[in-house]
Structures are given as C-alpha cells and as structure tokens.
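K.L.:
Sequence first, then the predicted structure, then my questions.
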Amino acid sequence: NNTTHQMTATSKPVPILNAKTPASDYEFGGPIGAFLTSLILPVVTIWLAHCASIGEVYLTPTLSFLDDEAQQDYNEKLLNVSPMKLKQSVGACIAWFVFLVVLERVLPGEVVEGAPLVTGQRLKYRLNGHLSFWITLALLAFGKPSVTLIDDQGGTQMSGFVRYPIELLCDYFVEMAAALILLSTALSVWLYLRSFCDGVILAKGGNSGNVAYDFFIGRELNPRSLNGTFDWKEFCELRPGLILWFLFDISMAIKQYQNLGYITGSMVLINIFQGFYVWDAVFNEKAILTTFDITTDGFGMMLAFGDLAWVPITYSLQARYLVNHDPHLSVWQLGFILALNSFGYYIFRSANSEKDAFRSSTNPEKDVNLRHLKFMPTKRGTKLLTSGWWGTARKINYTGDWLMGLSWCMVCGFQSIVPYFYAIYFCILLVHRAMRDDHMCHQKYGDDWGEYKKRVPYMFIPGII
C-alpha cells in the first residue's frame with residue numbers, strides 16, 4: 001500500500017509509519033537524477049576549490065590521456081591534489097569530527113524536545129553548539145603547547161601555549177575538500193546500511209525501494225547513537241561543517257596577512273559577515289529543530305555531503321579567492337556592502353525568530369509577544385501565519401538569506417565570476433526549496449494551503465514575486 005495516511009472512525013488522517021515513497025513524490029529527477037547528483041557534486045566541489053585558489057574558472061578540455069606527461073601536468077593544474085596532503089587531511093577531518101563529538105558529550109547544555117514525530121514522540125536534543133564554538137576558537141588560539149630546546153642534548157621544556165597554525169587549511173584547501181567528500185560519503189554509506197535496522201522511523205521521502213534514490217535522499221529520519229542520546233543529523237547540521245567554514249575563513253585571513261603584511265577591507269568584512277552568520281546559527285541552535293531538514297528530511301548523502309563538505313568548501317570560496325585576488329574596494333563600496341548584509345540579516349533572523357516563537361508557543365493568542373500576529377487555522381489543527389513577516393511573503397526569510405549571500409560575493413569585486421558561484425547556486429537552491437515546500441505543504445494541508453496562498457500571494461518579495 002503506497003498511501004501515506006489511513007482513516008480513523010472520526011475521519012482524521014493518521015500517518016502510516018514507514019509508508020513506501022510513491023514515484024510521484026520523487027525529487028531531483030528521481031533515481032537517475034539522484035545518482036548523477038551524487039557523482040557530480042563531489043567533482044564540482046573540488047573543481048570550485050581549485051578555481052577559487054587560482055582566481056578564475058578553469059574549463060580547458062583535455063585529451064591528454066594520449067600523453068602521460070601532459071596528463072600529469074593537467075591533473076596538477078586542475079586538481080592539484082597531493083596524495084600526502086590528502087592523507088593528512090583525512091586524518092585531520094576525522095580528528096576534527098571526533099573532537100566535536102567529545103565536546104557535544106562533555107560540555108553542559110540545555111536539553112530540549114524537538115517537534116512531534118509521526119508516532120507522536122518528541123525526541124530530546126542536547127544543545128551546546130554555542131559553547132562548542134567558543135571552546136574551539138579558544139583552543140585554536142591558545143591551546144597548542146610551545147616547547148623550547150634547553151640544552152645541546154635535546155632537552156626541552158614547555159614554555160607556554162600558542163595558536164595552532166590554522167593557515168594550513170588554506171594551503172590544504174583542495175585536499176581538505178577531497179577529504180571531507182570521502183568522510184561524508186563514508187558516513188552516508190553507514191547511514192544507509194543502518195537504516196535497515198529494526199525499529200527505525202523512515203523519512204516520508206526516503207523509502208522508495210530504489211537504492212540510488214534512497215541513499216541520496218536519506219532513509220532514516222533521525223539516526224541516533226549512544227543509547228539514543230546522540231542525534232547524527234542535528235549534530236552534523238550545525239557543528240563540523242559550519243564551524244569549519246569559519247575556520248577556513250580565518251585561515252585565509254592569516255594567509256593574506258602573511259603574504260601582504262596586512263588584511264584587506266574585503267577580507268575583514270567576509271570574516272565578519274560569515275563569522276557572525278555561523279555564530280548566529282549555533283547561538284540559535286534551538287531554532288533548527290523546527291526546520292524542514294530536521295522534521296522531514298531523512299539523513300543521507302544529500303544532507304551529509306551538504307553539511308560536511310559542500311558548506312565548508314563552497315561557502316568559503318570568497319575568502320579563498322581574496323587571499324591572492326583582493327579587489328581593493330573603496331570605503332564607500334565596503335560601506336554599501338555592509339548595509340546590504342545588515343538588511344538581509346535583519347529580515348532573515350527576525351522572520352525566522354518570529355516563526356520559531358509562534359511554532360513553539362502552546363498558546364500564541366495569549367502570548368504577549370505573539371498575540372498581535374494573525375493566523376489561519378487549518379483542518380489539521382495547526383495554524384498558518386498570515387501577518388507579520390510571514391504575511392508579506394511565504395519565504396521572506398529566503399530573501400534575507402540570499403541578500404546576505406550576495407553581499408559575501410560583492411566583497412570580491414567583479415573581476416571573476418568564481419566568488420559569485422554562491423549567489424547563483426543559492427538562488428537556484430532557494431527557488432527549488434520553495435517549490436518543494438509548496439508541493440509538500442499542499443499535500444499536508446490540502447485545500448487550506450490554496451486558501452493560505454490567496455491570503456499570502458507572494459513567495460519572496462512582497463508585491464513583486
């Protein structure tokens with residue numbers, strides 16, 4: 001039976017646990033599209049890392065397999081992957097992941113309940129990502145023991161603590177991309193295999209029966225370990241890749257200083273913009289528990305690769321580009337970009353905070369901070385916001401998010417399209433997400449969703465689109 005709901009005596013729809021995903025619900029072009037995406041995105045990630053390193057798009061075709069010397073030269077120019085650096089990078093990535101797991105286990109943190117599952121159960125989440133963020137920065141800045149030679153026989157003594165040489169992340173950028181891809185792929189394989197264990201709850205969209213499709217989309221909804229106290233998906237969403245992204249940015253700034261003797265205005269802004277973005281995400285860690293990624297998507301290659309490889313590498317392209325290709329923008333240009341970023345952040349955070357507060361409240365009508373908001377009741381018993389930020393456009397938070405992303409690209413000037421990959425890709429991603437959410441909300445709310453769209457007709461920009 002491919003239906004996703006059964007009817008009770010009161011005709012209220014009750015979700016069927018682990019119902020098979022019908023072909024009509026396929027995304028990303030179905031099994032073929034999912035398979036090709038799984039193959040292409042890792043290659044694109046390494047290619048982008050290299051393009052940002054050389055400051056230009058490198059697309060020269062080759063038939064150099066006819067010439068061994070030419071083939072070697074092409075590989076070095078296009079991929080520039082050192083086997084020794086790759087081995088070191090793999091070890092560093094594993095150590096980084098384990099380090100953050102240890103912090104998640106030992107640091108104090110608030111334990112909160114997530115959104116209700118299909119079974120009605122609410123999983124508990126341990127939230128200490130914000131503390132992990134600051135502990136990590138402090139250890140990297142002051143946690144490396146400094147050893148001094150005290151005699152000719154090789155005697156040493158510890159003379160204090162210094163910072164770790166994280167500028168190596170810049171030197172190993174392409175190899176780190178390859179290592180993160182290997183790590184995320186290995187995790188995806190393990191997640192797929194463990195999803196066949198008894199008692200797991202599968203994601204609505206990840207149980208098609210097609211290996212390639214389910215592997216990419218993700219079968220298990222909430223994979224957990226350590227007696228059910230460690231949530232793999234929530235952990236990976238906000239910690240290893242996101243914090244590493246900021247560390248890449250810092251490493252690029254240090255490398256630029258070593259090369260030039262100073263840090264440029266553009267590099268300062270990209271570190272402030274993206275560092276604040278990462279801090280904001282971990283500071284508001286609780287807000288992620290009501291997002292589509294956590295409540296609905298399975299944890300497979302799509303999210304594992306996105307969280308662990310795609311985000312830290314492709315989101316730090318601007319900083320990598322600026323190391324050797326600063327555009328020397330004027331103070332007025334930098335000021336305009338700062339204003340654009342601030343405006344985008346204001347929309348993004350205030351809209352998301354409003355939505356999260358409304359969803360988390362048990363009685364928003366009597367909440368002094370929420371009672372001014374208007375909403376539309378649905379047959380499901382839930383409420384859809386029709387005023388405030390969410391009365392202006394159904395995905396107004398996406399608009400703010402994209403404006404921030406555009407400002408990150410603009411600090412790089414206009415000499416190369418490489419730094420603008422993020423703005424182009426993110427626009428496509430957000431449009432796809434919006435269409436995906438619209439389809440799923442129509443399934444979820446039925447005719448109520450059509451009525452809601454009449455009340456809030458615009459998707460991204462009020463009065464325009």
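P.N.:
Okay, I see it. Keep in mind that this is a model prediction, so the values were computed, not measured. Residues are numbered from 1 along each chain as shown.

K.L.:
where does the stretch 1-150 of the chain have low pLDDT?
P.N.:
Within the stretch 1-150 of the chain, the ranges that satisfy pLDDT under 70 run 1-16, 59-80, 147-150.

K.L.:
what about 80?
P.N.:
Along the stretch 1-150 of the chain, the model assigns pLDDT under 80 to residues 1-18, 58-82, 118-119, 145-150.

K.L.:
which stretches of it form helices?
P.N.:
30-54, 68-78, 83-106, 129-142 (DSSP state H, counting those that start in this stretch).

K.L.:
other SSEs contacting the last one?
P.N.:
Counting by 3 or more Cβ pairs under 8 Å, 6 or more residues apart in numbering; DSSP states H and E, the packing neighbours recorded for helix 129-142 are helix 83-106, helix 240-260, helix 265-283. Placement of C-beta: from N, CA and C, glycine included.

K.L.:
Surely residue 264 is in contact with residue 321?
P.N.:
No: counting by Cβ atoms under 8 Å, residue 264 stays clear of residue 321, with 11.8 Å between them.

K.L.:
For residue 104, see how far away the residue most central in space within the chain is.
P.N.:
By Cα atoms, centre = their mean, the mean C-alpha position of the chain lies nearest to residue 307, the distance being 4.5 Å. Computed with Cβ to Cβ, to the nearest Å, the distance linking residue 307 and residue 104 is 15 Å.

K.L.:
and if you look at residue 392?
P.N.:
Taking Cβ to Cβ, one finds residue 392 at 37 Å from residue 104.

K.L.:
And residue 19, by the same measure?
P.N.:
Relative to residue 104, and taking Cβ to Cβ, residue 19 is found at 32 Å.

K.L.:
Look at the two and report which has more neighbours.
P.N.:
It is residue 104, of residue 19 and residue 104, that has more neighbours when counted by other Cβ atoms under 10 Å, with 22 against 17.

K.L.:
can you tell me which residues contact the more buried one?
P.N.:
126, 128, 129, 132, 230, 235, 239 (Cβ atoms under 8 Å, 6 or more residues apart in numbering).

K.L.:
Kindly indicate which of these lies nearest residue 375.
P.N.:
Among those, residue 129 lies closest to residue 375 (Cβ to Cβ), at 30.2 Å.

K.L.:
Leaving out sequence neighbours, find the closest residue to the closest one.
P.N.:
Spatially, and ignoring its direct neighbours in sequence, residue 129 is nearest to residue 282 (4.0 Å; Cβ to Cβ, 6 or more residues apart in numbering).

K.L.:
Quick check: the one you found touching residue 127?
P.N.:
No: using Cβ under 8 Å, residue 282 is not in contact with residue 127, being 9.3 Å away.

K.L.:
Just the buried residues of the helix ranked longest in the chain, please?
P.N.:
Secondary structure of the chain per DSSP state H: the longest helix is helix 331-360. Residues 333-334, 337-338, 341, 344-345, 347-349, 351-352, 354-356, 358, 360 are the ones in helix 331-360 that count as buried (16 or more other Cβ atoms under 10 Å).
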